[in-house]
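Participant: Next comes the sequence, and after it the predicted model I'd like to discuss.
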Amino acid sequence: GESVGLHLPTLSVQEGDNSIINCAYSNSASDYFIWYKQESGKGPQFIIDIRSNMDKRQGQRVTVLLNKTVKHLSLQIAATQPGDSAVYFCAENPNTGNQFYFGTGTSLTVIP
Amino acid sequence: NAGVMQNPRHLVRRRGQEARLRCSPMKGHSHVYWYRQLPEEGLKFMVYLQKENIIDESGMPKERFSAEFPKEGPSILRIQQVVRGDSAAYFCASSPTTGLNQPQHFGDGTRLSIL
């Protein structure tokens, strides 16, 4: 089956620094990816998505990069703030179905 | 996570009892997905439903678990004869159209604890 994994389970950054969270996926047929943010006691919150026909997409303070050659996805957060502290998941959607496959998550801690 | 409403937020059951989890999708969304999350793990897909139809239940255990999304009312995930291993957070998500290449929007989940 598909697997989505993250390189680093935890990440600590100083407030104001940039954060980079990485994700590896295994299904080369996946053509749609989402980054979700999950705060304690809450459900996953959509941050940004990217389709496989793109290699970069920018939002407000966030950028997602997709490298299909090595099946790697990253989330960059600019000027990280304490409110960014959460667990971040990447999720892939193979074009064979409707479900998303989630990685185990990276816990981001922002140090004031 | 405005829009997708799940209740109850917390549910405690004794082994052997039944658990019923409810999900009302975002307004205008007719596609509902249920996921399960164990502590410090990612979400695992269980079932995908449209109104009155189960489209994909490949992630849902064959026994004791069932799901429905009636024409009127919320989607229900039912777990019969619960066991300790059913303790988890159960999340519902919805999308306006088919899930292919569409973001799914999540509720805040139901945390099920089995005594």
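Facilitator: Arrived safely, thanks for sending.
Participant: and the residue nearest to B:S94 when sequence neighbours are not counted, backbone torsions?
Facilitator: Nearest residue to B:S94, sequence neighbours excluded (CB to CB, 6 or more residues apart in numbering or on different chains): B:P25, at 3.3 Å. C-beta: built from backbone N, CA, C; applies to glycine. When quoted as degrees, to the nearest 10, the phi and psi of B:P25 stand at phi -70, psi 170.
Participant: B:P25 and chain A, how far apart?
Facilitator: Noted for B:P25: a distance of 13 Å to chain A, by CB to the nearest CB, to the nearest Å.
Participant: and that residue, what is it in contact with?
Facilitator: When contacts are counted by CB atoms under 8 Å, 6 or more residues apart in numbering or on different chains, B:P25 touches B:G3, B:V4, B:H31, B:V32, B:S75, B:C92, B:S94.
Participant: Now, of those residues, which are buried?
Facilitator: B:V4, B:H31, B:V32, B:S75, B:C92, B:S94 (16 or more other CB atoms under 10 Å in any protein chain shown).
Participant: Which residue ranges of chain A form strands?
Facilitator: A:4-5, A:10-14, A:19-25, A:30-38, A:45-51, A:56-58, A:62-67, A:72-77, A:86-94, A:101-102, A:106-111 (DSSP state E).
Participant: about what we covered before: now the buried ones among the contacts of B:P25 as JSON lines including pLDDT?
Facilitator: As requested, those are exported to JSON lines (pLDDT from 0 to 100):
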{"residue": "B:V4", "pLDDT": "96"}
{"residue": "B:H31", "pLDDT": "91"}
{"residue": "B:V32", "pLDDT": "94"}
{"residue": "B:S75", "pLDDT": "97"}
{"residue": "B:C92", "pLDDT": "97"}
{"residue": "B:S94", "pLDDT": "93"}
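Participant: What about the residues you listed, which are in helices?
Facilitator: Among the buried ones among the contacts of B:P25, no residue falls in helices (DSSP state H).
Participant: The closest residue to A:C90 other than its chain neighbours and A:Q38, how far apart?
Facilitator: Nearest residue to A:C90, sequence neighbours excluded (CB to CB, 6+ apart): A:C23, at 3.6 Å. Plainly put, A:C23 is 14 Å away from A:Q38 if you go by CB to CB, to the nearest Å.
Participant: Between those two, tell me which one has more neighbours.
Facilitator: Per other CB atoms under 10 Å in any protein chain shown, whichever of A:C23 and A:Q38 has more neighbours is A:C23, with 26 against 23.
Participant: Surely the more buried one touches A:A91?
Facilitator: No: using CB atoms under 8 Å, A:C23 is not in contact with A:A91; the gap is 9.1 Å.
Participant: Around chain B, which positions in chain A sit nearby?
Facilitator: Neighbours of chain B within chain A, by CB under 8 Å from any CB of the partner chain: A:4, A:31-32, A:34, A:36, A:41-46, A:49, A:51, A:89, A:91, A:93, A:95, A:97-105.
Participant: re the thing from before, run through the bridge partners of the residue nearest to A:C90.
Facilitator: Beta-bridge partners of A:C23, counted by DSSP bridges, are A:L73.
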